[in-house]
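K.L.:
Give me a 3D structure for the following:
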Amino acid sequence: MQRLYDFLRRHPTWVDGFWAVILFGISVLGGATAEEGRGTDQPALTVPVMFLLSVVVALRRRMPERMLLLALVVGFGQLILDVPTGPADFALLVIVYTVAAVGARWASRVALTAGLCAAPLAQLRWPNPQAGTVENVALSVILAVPFALAWVLGDSIRTRRAYFAQLEERAARLEKEREAQAKVAVAAERARIARELHDVVAHNVSVMVVQADGAAYVLDAAPDQAKKALETISSTGRQALAEMRRLLGVLRTGEHQEAGEYVPQPGLQQIEDLVEQCRESGLPVDFRVEG
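P.N.:
Below you'll find the predicted structure:
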């Protein structure tokens with residue numbers, strides 16, 4: 001059943017064609033019965049009118065504006081050629097609804113005007129001989145009501161579809177904005193991590209250079225201090241490699257937890273620790289803080 005429903009939704013013209021065939025068959029049978037009751041042959045123009053109105057139903061969703069114009073031409077032809085109304089004229093009601101729902105705005109206004117005028121014109125062309133003027137006018141108003149209701153229903157469907165389309169467009173725009181903001185945030189975070197990586201590497205390399213210069217300076221006079229400096233260079237290098245691995249892992253995966261995944265580069269508050277690290281290696285460091 002779901003497959004059939006999906007198939008019908010994908011092929012609306014087939015559905016309209018099916019109902020057009022049903023409408024044409026009912027119109028032909030109804031017209032033949034009416035003519036037999038009157039004791040006359042069916043007029044030659046009745047069948048073409050029925051066929052054209054059935055075509056209006058069949059192609060209403062593919063070409064709503066053109067089918068509206070065809071329905072107007074057929075309707076005026078009925079009035080001029082004195083072709084009585086029948087079940088096929090239900091197509092006029094259908095095309096008014098369709099144009100109001102999916103047609104152009106100008107076509108919707110034309111459909112509303114034509115629908116409101118169709119019933120009075122038909123009543124004037126084929127008045128009820130047993131009713132007075134007041135009854136014919138009242139009947140014209142009553143027959144115009146379905147056209148007005150069809151137009152209102154179609155226009156409400158158009159408004160609802162436009163509203164949902166606007167909501168979908170807004171949701172898609174917000175989704176794109178969120179994606180753009182997420183990409184900007186990721187880029188900013190990675191740029192920050194890249195700066196952090198540069199600072200960490202620069203700090204550790206600076207310590208290693210200082211230690212290497214100190215080791216070269218005291219290599220002959222104090223071999224023990226030179227050995228400590230080389231050990232400091234080794235440990236500092238390993239520390240730099242570990243921090244680089246952590247930071248590069250963050251850059252690759254984009255996953256970063258603030259709780260200690262890596263330690264930022266030392267700032268001014270940690271300068272005493274840095275100096276102490278150099279002193280432990282045996283390097284003569286003179287550090288004074290002036291207020």
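
K.L.:
Next, the buried residues of stretch 57-69.
P.N.:
For stretch 57-69, the neighbour count (16 or more other C-beta atoms under 10 Å) marks 57-61, 64-65, 67-68 as buried. Using the backbone N, CA and C atoms, a C-beta is placed for each residue, glycine as well.

K.L.:
Out of those residues, which is nearest to residue 198?
P.N.:
Relative to residue 198, the closest of the buried residues of stretch 57-69 is residue 61; by C-beta to C-beta it sits at 63.7 Å.

K.L.:
mind checking the backbone torsions on the closest one?
P.N.:
phi -90, psi -20 (degrees, to the nearest 10).

K.L.:
For it, list the residues it contacts.
P.N.:
Contacts for residue 61 (C-beta atoms under 8 Å, 6 or more residues apart in numbering) come out as 12-13, 16, 98, 102.

K.L.:
By neighbours, which of the residues you listed wins?
P.N.:
The most crowded member of these, judged by other C-beta atoms under 10 Å, is residue 98 (25 neighbours).

K.L.:
Thought residue 63 was touching it, still the case?
P.N.:
No: between residue 98 and residue 63 there is no contact under C-beta atoms under 8 Å: 10.2 Å.

K.L.:
ok, and what's touching stretch 147-165?
P.N.:
By C-beta under 8 Å, 6+ apart, the list of residues contacting stretch 147-165 from outside reads 92-94, 96-102, 108, 111-112, 115-116, 118-119.

K.L.:
How many neighbouring residues does residue 22 have?
P.N.:
13.

K.L.:
Check which element follows the one helix or strand it maps to along the chain.
P.N.:
Element membership of residue 22 [criterion: DSSP states H and E] is helix 12-38. Downstream of helix 12-38, the next assigned helix or strand under DSSP H and E is helix 46-58.

K.L.:
now for that next one, which elements pack on it?
P.N.:
helix 12-38, helix 64-81, helix 90-102 (3 or more C-beta pairs under 8 Å, 6 or more residues apart in numbering; DSSP states H and E).

K.L.:
tell me the angle of that helix relative to helix 64-81?
P.N.:
Using axes from the mean of the first three to the mean of the last three C-alpha atoms, to 10 degrees, the direction of helix 46-58 lies 160 degrees away from that of helix 64-81.

K.L.:
Would you mark the buried spots in helix 46-58?
P.N.:
Quick answer for helix 46-58 (16+ other C-beta under 10 Å): 46-47, 49-58.

K.L.:
can you list those in TSV and add distance to residue 245 and pLDDT?
P.N.:
Below are the buried residues of helix 46-58 laid out as TSV (distance: C-beta to C-beta, whole Å; pLDDT from 0 to 100):
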residue	distance to residue 245	pLDDT
46	90	86
47	87	87
49	85	90
50	83	90
51	81	92
52	80	93
53	79	92
54	77	92
55	75	93
56	75	93
57	73	93
58	71	92
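
K.L.:
Check those residues against residue 29 and report the nearest one.
P.N.:
Within these, the smallest distance to residue 29 is 10.5 Å, found for residue 50 (C-beta to C-beta).

K.L.:
what about the helix or strand encompassing residue 179, average pLDDT?
P.N.:
Assessed by DSSP H and E, residue 179 sits inside helix 133-218. Across helix 133-218, the average pLDDT comes to 86.
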